[in-house]
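K.L.:
Model the following, please.
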Amino acid sequence: MSVEVTNESPWGIEPKVFSDLGTWVLSQMRVSTDCDVAVLFCEPAAIADLHERWMDLKGPTDVMSFPMDELRPGDGKAAADGILGDIVICPDVASKQASAAGHSTMQEMMLLAIHGMLHLLGYDHIGHEQEHEMFGLQRQLLLTFLAQRQGAEPPAVAPSHYEISESEHRTALSNHKDDSSSNDSGSVKR
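P.N.:
Residues are numbered from 1 along each chain as shown. A predicted model of the protein is given here:
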């Protein structure tokens, strides 16, 4: 299994954490070890461009998923293999959401990575029932992963110029609510 992690943001992010997380989540979801996924961390302008191009929504968002081979979780007998797809995460938006949620930016980015992987595997949160299932599963996966690592997580190091203004915080939360309440799945097919 290949989980390629690329950081094009000014944030200090330990790629191995996300590679380990991706490998572990995909194994829990019974996806083949021959599967590939890419995780990209980018700046707000880059994800805002993707957000407008693929979802027709303005402004940066927290995470976007781009599925490739329509893989689904395995049935316990045979694991699905192929190219799962790409996940794009914006640390700036994640930091603002983490602040509002009362946990670390690293935990928020890990949650977003899991969220993106679940979208790649066909999970969605359009309806209340789907949202309950997907959000419950992503929380369970994150908490189990952190417990197995005994809470050892390196921090995400913000760039020295980074500062959250109250208006930016409200905008990020508003954009996230807009994404969650739209009829879009949060993932984009290529």
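
K.L.:
in the chain, which spans are helices?
P.N.:
All helices of the chain, identified by DSSP state H, fall at 15-28, 44-55, 91-101, 105-120, 128-148, 166-181.

K.L.:
right, so these: which one is the most enclosed?
P.N.:
Of all the helices of the chain, helix 105-120 has the most neighbours on average by mean count of other CB atoms under 10 Å, namely a mean of 25. C-beta here means a position set from N, CA and C on the backbone, and glycine is covered the same way.

K.L.:
could the helices of the chain go into JSON lines alongside mean pLDDT?
P.N.:
Formatted as JSON lines, those follow (pLDDT from 0 to 100):
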{"stretch": "helix 15-28", "mean pLDDT": "93"}
{"stretch": "helix 44-55", "mean pLDDT": "96"}
{"stretch": "helix 91-101", "mean pLDDT": "95"}
{"stretch": "helix 105-120", "mean pLDDT": "96"}
{"stretch": "helix 128-148", "mean pLDDT": "93"}
{"stretch": "helix 166-181", "mean pLDDT": "44"}
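
K.L.:
can I get these in CSV with distance to residue 158?
P.N.:
Below are the helices of the chain laid out as CSV (distance: least, CB to CB, whole Å):
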stretch, distance to residue 158
helix 15-28, 16
helix 44-55, 13
helix 91-101, 7
helix 105-120, 7
helix 128-148, 21
helix 166-181, 13
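
K.L.:
out of these, nearest to residue 63?
P.N.:
helix 105-120 (4.2 Å; CB to CB).

K.L.:
now the closest one, how far from the centre of its chain.
P.N.:
From the chain centre to the centre of helix 105-120 is a distance of 3 Å (CA atoms, centre = their mean, to the nearest Å).

K.L.:
With stretch 107-124 instead?
P.N.:
A distance of 4 Å separates the centroid of the chain from that of stretch 107-124, by CA atoms, centre = their mean.

K.L.:
do the same with stretch 21-30
P.N.:
That offset, for stretch 21-30, works out to 14 Å (CA atoms, centre = their mean).
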